[in-house]
Structures are given as structure tokens and as C-alpha cells.
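S.K.: Starting from these lines, generate the structure:
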Amino acid sequence: MINTNTNTTIHIMALDGIVNVNSLFTLALFLGLAFNPSDPSYTLVDSKSCRASSSMAEYLVTFHVYSFSSFLFSSLIASSLKLAIRNAKDGNNDMEVKHVARVNLKILRIGILASAVGSVSGCVFLMLALVNLVQIKLGILSCWNWYTYSAIGPLVTLAPFALVIYIGVVLHAFTH
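M.R.: Okay, here's the model as predicted:
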């Protein structure tokens, strides 16, 4: 199927956006891993019963790694698709059809969908890591600390809401 320069430009811009957002989240992941949760001065909790266990610190690191892997997967897919579109444009030697690229839209859509799945799973794992980080820093959820719930509340409501919107837009773009 033939895709005009305008359409491929839109796809490249969308893929650039995915890579840029994934890069920002990846930076946040490395900043989160820079802290040492086993340091006693790391927590703000006085009560021993409200302190997070070492397994929560293990989950924190695990979710950071899962999130990084998901963002890396998504960015690599998006970058590969961008490269394929640019190669299809540059590889066309016909002077009259200089700005026309032969792009398989089915593969392009599947690639964008795979990249979106990587971004969504990365966001979910990042959210889980942040929930563990808040519990390590402010106290576990079972202690009903107001600060813990006020920190986690917006995270577990706003992020999934934004992900639902993102998934809806991606699915709409995938089907049209």
C-alpha cells in the first residue's frame, strides 16, 4: 500500500512522541534506583510496625527493572518503525514519486500497537514501583497513614485514567 509523505510524517511524529515520553520515564526510573531503601535514614516512619519489609524494597527494584524493560522494548520498536519509514522514503528513486513511501500499513499498525503495549506496561510497573517507594518512605498501607494514602491516591487514580485514555486513542488509531 502506498502512503503519502503527510501520512508517514504523522506516523514519525507519533513514534517520536513515544520515544521521547519513554526517555523521560526511563530517566525517572534511574533516579528512583539511585536511592538506597535499606538506609535507615531513608524512611520517615518512626513505628517499627509501620515500616516496610525488605521484600518491599525487592519489589521496588524488580518493578523498576520491569518498567525499564518495557520502556526499552517500546522505544526500540518505535525507533525501528521510524527507520523503516525513512528508509522506504529515501529508497524510492523515481523522481516523480519522490515523496511517496511504500509502507505496509498492517505491519506499521502492529508495530505501533506493540510499542503502545510496551509503554502501557512500563507505566503500570512504574506505578507499582512508586507505590512501593511511598510505602518504604512514608509507611505501609495497613497502618492507614494519611500521608501514605494522600501520596498514593492521586497516583492510582490519575495514572490509570490517563492510561485508559491512551489505550482508547491507540485502539481508535489502530482500527481506523
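
S.K.: Low-confidence bits of the protein, can you list those?
M.R.: Scanning the chain for pLDDT under 70 picks out 1-8, 32, 35-44, 89-102, 174, 176.

S.K.: for it, what spans make up the strands?
M.R.: Assigned by DSSP state E, the strands in the chain fall at 2-4, 100-102.

S.K.: now the helices: where do they sit in the chain?
M.R.: 5-33, 54-90, 105-138, 146-175 (DSSP state H).

S.K.: Dump stretch 112-128 to CSV, keeping only the CA atoms.
M.R.: Below are the C-alpha coordinates for stretch 112-128, written out as CSV (Å, rounded to 0.1, in the frame of the first residue of the first chain):
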residue,chain,number,x,y,z
ILE,A,112,2.7,0.9,16.8
LEU,A,113,0.4,-1.3,18.9
ALA,A,114,3.3,-3.3,20.2
SER,A,115,5.1,-0.1,21.1
ALA,A,116,2.0,1.2,22.9
VAL,A,117,1.7,-2.1,24.8
GLY,A,118,5.3,-1.7,26.0
SER,A,119,4.6,1.9,27.1
VAL,A,120,1.5,1.0,29.0
SER,A,121,3.1,-2.0,30.7
GLY,A,122,6.1,0.3,31.6
CYS,A,123,3.7,2.8,33.1
VAL,A,124,1.9,0.1,35.1
PHE,A,125,5.2,-1.2,36.5
LEU,A,126,6.5,2.3,37.2
MET,A,127,3.2,3.0,39.1
LEU,A,128,3.7,-0.2,41.2
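
S.K.: Buried residues of it, list them for me.
M.R.: 112, 115-128 (16 or more other Cβ atoms under 10 Å). C-beta here means a position set from N, CA and C on the backbone, and glycine is covered the same way.

S.K.: Ignoring the adjacent residues along the chain, who's closest to the residue nearest the centre of the chain?
M.R.: Residue closest to the mean C-alpha point of the chain, counted by Cα atoms, centre = their mean, is Ser119 at 3.4 Å. Residue nearest to Ser119 in three dimensions, not counting chain neighbours: Ser74, with 4.5 Å by Cβ to Cβ, 6 or more residues apart in numbering.
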